[in-house]
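Student: Below are the sequence and a predicted model for it; my questions follow.
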Amino acid sequence: MRKVSMGLVAAVAAVGFAAGAVPASGGPESDQRGVPEQLRVPDGNRRIATMPARGVQTYQCTAGAWVFLQPDAILEFRGRAQVLHTRGPVWTSVRDGSSVPAAAVANAPVAGAIPQLLLQANGHRGPGLLAEVTYIQRLNTTGGLAPAGTCTDGATASVQYTADYTFWVAAG
């Protein structure tokens, strides 16, 4: 687990703090096309960014079973790190330090992968990219499932995953 966190720090340091906007494409009518109904963001919100992510879902063995511990992922735009996703869950902009914690309010299963999620913001820190986020969608997930079988208490396993994260703010 410690190697994962240090790897994220090294990756961000290697690409530096990227400059420039992280635009969303398409109009409001196309923002949620193909998204499962239960994961759609309520009316009155607009999409500000969609970023692909690569990272790990870390699990810890407790009482002989794998239990989710935390995510660690880097969200990118044009090949540059823009946002770190960590335990909480929380997303933090590497551009400006703004952050948003959120809680899952809906999910949709994906065969062979962690579920897709709709998360609602429950706080903010600092001005910047994530300062006014209301909802986050985790879509198009691959991998990240807990290892199969029994385990030795205290062991950890980090399983690679990918997803697309879409950030929303109140319209108007």
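Tutor: Okay, I see it.
Student: quick one: T141 and P109 touch, right?
Tutor: No - counting by Cβ atoms under 8 Å, P109 is not a contact partner of T141; they are 9.8 Å apart. For the C-beta atoms, the positions are set from N, CA and C on the backbone; glycine is no exception.
Student: which residues are in contact with both of these two?
Tutor: Any residue near both T141 and P109 by Cβ atoms under 8 Å, 6 or more residues apart in numbering counts here, and that gives P115.
Student: Which one of those two is surrounded by more residues?
Tutor: When neighbours are counted by other Cβ atoms under 10 Å, T141 comes out ahead of the other of T141 and P109, with 22 against 10.
Student: Contacts for the helix or strand harbouring that one, please.
Tutor: Secondary-structure assignment from DSSP states H and E places T141 in strand 133-143. With Cβ under 8 Å, 6+ apart as the test, strand 133-143 has contacts from 35, 39, 41-42, 45, 48, 91, 100, 102, 110, 112-121, 124, 159-170.
Student: And the residues you listed, which of them are buried?
Tutor: Among the contacts of strand 133-143, the ones that count as buried by 16 or more other Cβ atoms under 10 Å are 35, 39, 41, 45, 48, 91, 100, 102, 110, 113-114, 116-121, 124, 159, 161-163, 165-169.
Student: residues contacting the nearest residue to Q137 once chain neighbours are set aside?
Tutor: The shortest distance from Q137 to any non-neighbouring residue, by Cβ to Cβ, 6 or more residues apart in numbering, is to T166 (4.3 Å). Applying Cβ under 8 Å, 6+ apart, we find T166 in contact with 24, 31, 47, 49-50, 136-137, 139.
Student: Tell me the most packed of those residues, by neighbour count.
Tutor: When neighbours are counted as other Cβ under 10 Å, the busiest of the contacts of T166 turns out to be Q137, with 25 neighbours.
Student: what is it paired to in the beta sheet?
Tutor: Taking DSSP bridges, one finds L118, T166 as the beta-bridge partners of Q137.
Student: hmm, back to that, among the contacts of T166, which one has the lowest pLDDT?
Tutor: Checked by pLDDT, those have A24 as the lowest-scoring entry (48).
Student: So P52 sits against A73, correct?
Tutor: No - because the distance of 9.9 Å does not satisfy Cβ under 8 Å, P52 is recorded as not touching A73.
Student: Are there residues contacting both of those two? Which ones?
Tutor: Listed as contacting both P52 and A73 by Cβ under 8 Å, 6+ apart are A163.
Student: Of these two, which one has the most company?
Tutor: When P52 and A73 are compared on other Cβ under 10 Å, the one with more neighbours turns out to be A73, at 27 against 15.
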